[in-house]
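could you look at this predicted model? Sequence included:
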Amino acid sequence: MCFPIQCARAWSSLWLLFTFATIFPAGGNAQATSSLSLMPQPASISDQAGQMPLDANFRITTGHFSDDRLEHAIDRALQRLSDRTGYILLRAKASDAPPHGELWLDVAAAGMPVQGTQEDESYTLDVGPQRAVLHAATVVGALRGLETFLQLLDADGKGFYFHTARINDHPRFVWRGLLLDVSRHWQPVANIKRLLDTMAVVKLNVFHWHLSDYQGFRIESRQFPRLHELGSDGLYYTQAEVRDIVAYARERGIRVVPEFDMPSHAHSWLIGYPELASLPGPFTFTHQFGIDSVNLDPTQESTYRFLDTFLGEMTSLFPDRYWHIGGDEVEGSSWDKSPRVQAFMKQNGMKDNGALQAYFNQRLVELLEKHGRRMVGWDEIVRPDLRRDVLVQSWLGPQSLATAAKLGFDSVLSGPYYLDKMERISKQYLADPVPDETHLTAAEAAHILGGEVCVWTELVAQENLDTRVWPASAAIAERFWSPREVRDSDDMYRRLPAISLALEEAGSQHHTAMDAMLRRTGRGEISPEVRQFFGLIEPLRLGAREEARQASQLTPLVAPGDIAIPDPPAARNFSRQIHEFLADPGHAAHRDELTAELRSWQKLGPAIHSLAQRAPLFQDGEETAASLSALGKTGEEAMAWISRAATPPPEWSRQQAALLAHAQIPQGLLRIAVLDAIQELVKAANGGNP
Ligand code: ACM
């Protein structure tokens, strides 16, 4: 007999046993990095054959150094281990009896008072059969090592244990960021804290907070209160909340770099302070995306006085050395139309808007220097005469990144890591911050400090934030942390479920939020057909979705295309089945499995149609589900031709080509994630001809 709460724990332990046993192959006799599910992979790992058991006596102790940050991290780690194992795991007292299983944290010092790019994040972790030792020069290194240690927990029929291992680890790049745009869609403090908790799990270390843009100014300014009062719809962060978030991030070894985008993307500033604009107002708050821009006026000394005071106020909230001024997509029509701006340009011999932006940037660099900050900006700020202590964030592609690095600017890459592109995780995973095609010398490549995942939020609301960020960002985080040679996508996908579980343990709602949305949208429990459907479809990419649906900040993001996730595991699994079948069409088990799968698709069209009769939001999925049903039939027929080694009649090939072409046309913000695999099958049936 057990009390309900203990029963719940017992069940959760059983579930964990099952899950970890599934994720980690039994035996614990891993070779090199092959069978553990660490993410990001450490720089080096060996000796994984043994086990260090964990039971209620497990404890974490510290050496001669500790501080509040380390103590809090230990408490969080013990809580996570308790949740996984069901043991009450408490802090050790100096007089406690020798434990059964121990982690000793040997940390030399706190690290930098304000975490910077020079922070030492390295650690070594030696897990033996009785005791584990984590050495780190700084608390941040210890935080990184603790996350790795938690990933070594496993279980078998006898109970829980840590894999023994000797790990020597350090990041490949010092800048491993995630940008969150809170202008297009504001996120509550709790969501940001959850994001920071989960970033720490995968060793991301920069939270790039995109705080202002056309559609919202999201931070309280006491010097210029009309910025947040009129520049937002009431959704902004108070200064107390900002301080809290910055402190929360520091506790997790994460820097906070604010971005105030200017001189374009600055509409929200002008609503309360139209005197900053290069054309007369009035300006009003807008929920619309992609509106025309009126730029800040770089020709007025009053603009710089304003920015000086603003920076004086804001730098007291954000201690980081770096300060992002945006500088992207400077649409110059408001400068072209302003007689004042035109006169200034003529007087100062400025030939074009680029020269005016360069002048603006130069003034900003000087202001930032006065306030003890280094400037960061997007590609568009790069000019040969810009000071080289400016850091460039590249969204325009590898060649643009290379240009900056060749000119001697420190840079971080973001272009391939835009999550709104809704790409395959493997594609984003394989995009290297030092792209091969750029042919940089070692000295030039040394200017690339890392990369940043970008979460632009035109189509990301509070509810689907986590489903957009995780687990894709975990794979990208590995790209930023692990050695360049770690680039086996299949192995990344093998490890993804384990890190997904760890992220969920740290608070991520990427599974639960999707299920909640499906239940609400479907007005009831999630049927097997709905579950299957969402394993085979993907959301449209940002550009295509903008064409398909004119959304604004007010649009509820609740359509199937807002719920579906990119690169769903079931679609990947289906592709694997197709490849297995094509490699050996005579293999009966593979053939039967695939046939059963394709046949089951034929139920999807009718099921989603019937659901849409009582859950109208699913009408958006009806055509796609019908296409999937038709593709299931196509696939089955293609398999039959291949299995019989017979050539289909031209009429069949023509019909299938038309059907595939139709399925390619997105319906209801969705695309079919398994279309490529079906195309491959049909091509094989046609003797290799498309
Ligand atoms: C950007 O995507 N305009 C930085």
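Thanks, I have it. Numbers count the residues shown, from 1 in each chain.

so which bits of stretch 209-218 are buried?
209, 210, 211, 212, 213, 214, 215, 216, 217, 218 (16 or more other C-beta atoms under 10 Å). For every residue, glycine as well, the C-beta is placed using N, CA and C.

endpoints of it, how far apart?
10 Å (C-alpha to C-alpha, to the nearest Å).

quick one: it to chain centroid distance?
Averaging C-alpha positions (C-alpha atoms, centre = their mean, to the nearest Å) puts stretch 209-218 19 Å from its chain's average.

just the buried residues of stretch 209-218: which are in strands?
209, 210, 211, 212, 213, 216, 217 (DSSP state E).

nearest to residue 472, of these?
residue 210 (18.6 Å; C-beta to C-beta).

please name the bridge partners of that closest one.
Beta bridges link residue 210 to residue 181, residue 259 when assigned by DSSP bridges.

dump the ones in strands among the buried residues of stretch 209-218 to JSON lines, plus distance to the ligand and pLDDT.
Formatted as JSON lines, these follow (distance: C-beta to the nearest ligand atom, whole Å; pLDDT from 0 to 100):
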{"residue": "209", "distance to the ligand": "14", "pLDDT": "99"}
{"residue": "210", "distance to the ligand": "9", "pLDDT": "98"}
{"residue": "211", "distance to the ligand": "14", "pLDDT": "98"}
{"residue": "212", "distance to the ligand": "13", "pLDDT": "98"}
{"residue": "213", "distance to the ligand": "10", "pLDDT": "97"}
{"residue": "216", "distance to the ligand": "16", "pLDDT": "97"}
{"residue": "217", "distance to the ligand": "17", "pLDDT": "98"}
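
and of those, the nearest to residue 247?
If you rank those by distance to residue 247 using C-beta to C-beta, residue 209 comes first, at 14.0 Å.

now do the contacts for the residue nearest to that closest one when sequence neighbours are not counted.
Using C-beta to C-beta, 6 or more residues apart in numbering and skipping residues adjacent in sequence, the residue nearest residue 209 is residue 258, 5.1 Å away. Residues near residue 258 by C-beta atoms under 8 Å, 6 or more residues apart in numbering: 209, 211, 219, 314, 318, 320, 323, 324.

next one: whichever helix or strand the last one is part of to chain centre, how far?
Secondary structure here is read from DSSP states H and E; on that basis residue 324 sits in strand 322-326. On the basis of C-alpha atoms, centre = their mean, the separation between the geometric centre of strand 322-326 and that of its chain is 20 Å.

one more: stretch 390-407?
Per C-alpha atoms, centre = their mean, the centroid offset for stretch 390-407 relative to its chain is 21 Å.

ok, now which ones touch the residue nearest the centre of the chain?
Centroid check for the chain by C-alpha atoms, centre = their mean gives residue 473 as the closest residue, at 3.2 Å. Going by C-beta under 8 Å, 6+ apart, residue 473 touches 178, 199, 202, 204, 419, 453.

pretty sure it sits in a helix.
Yes: counting by DSSP: H, G, I helix; E, B strand; the rest coil, residue 473 is found in a helix.

on that earlier part again, now intersect the contacts of residue 473 with the strands, please.
178, 453.

closest to residue 244 out of the contacts of residue 473?
residue 199 (16.5 Å).

just the pLDDT for that closest one.
As summarised for this prediction, residue 199 has a pLDDT of 98.

so residue 689 versus the ligand, what's the distance?
Separation of residue 689 from the ligand (C-beta to the nearest ligand atom, to the nearest Å) stands at 40 Å.

OK, now which residue of the stretch 551-690 of the chain is nearest to the ligand?
residue 551 (17.3 Å; C-beta to the nearest ligand atom).

surely that residue touches residue 290?
No: in terms of C-beta atoms under 8 Å, residue 551 does not count as a neighbour of residue 290; the distance is 10.2 Å.

the two: which is more packed in?
Using other C-beta atoms under 10 Å, the more surrounded residue of residue 551 and residue 290 is residue 551, with 20 against 11.

quick check: what element follows the helix or strand of the chain with the lowest mean pLDDT along the chain?
Each helix and strand of the chain was given a mean pLDDT (mean pLDDT, DSSP states H and E); the minimum falls on helix 4-23 at a mean of 33. Moving toward the C-terminus from helix 4-23, the next helix or strand (DSSP H and E) is strand 44-46.

what sits against residue 674?
536, 571, 574, 575, 628, 631.

tell me which two of those residues sit farthest apart.
Maximum distance among these (C-beta to C-beta): 14.8 Å, for 575 and 628.

compare these two (neighbour count), which wins?
Taking neighbours as other C-beta under 10 Å, residue 575 and residue 628 compare with residue 628 leading, 27 against 15.

can you tell me the SS state at that one?
Strictly by three-state DSSP, residue 628 counts as helix.

number the residues from 17 up from this point.
Understood, numbering begins at 17; the last thing we discussed is residue 644.

wait, it touches residue 619, no?
No: counting by C-beta under 8 Å, residue 619 is not a contact partner of residue 644; they are 9.9 Å apart.
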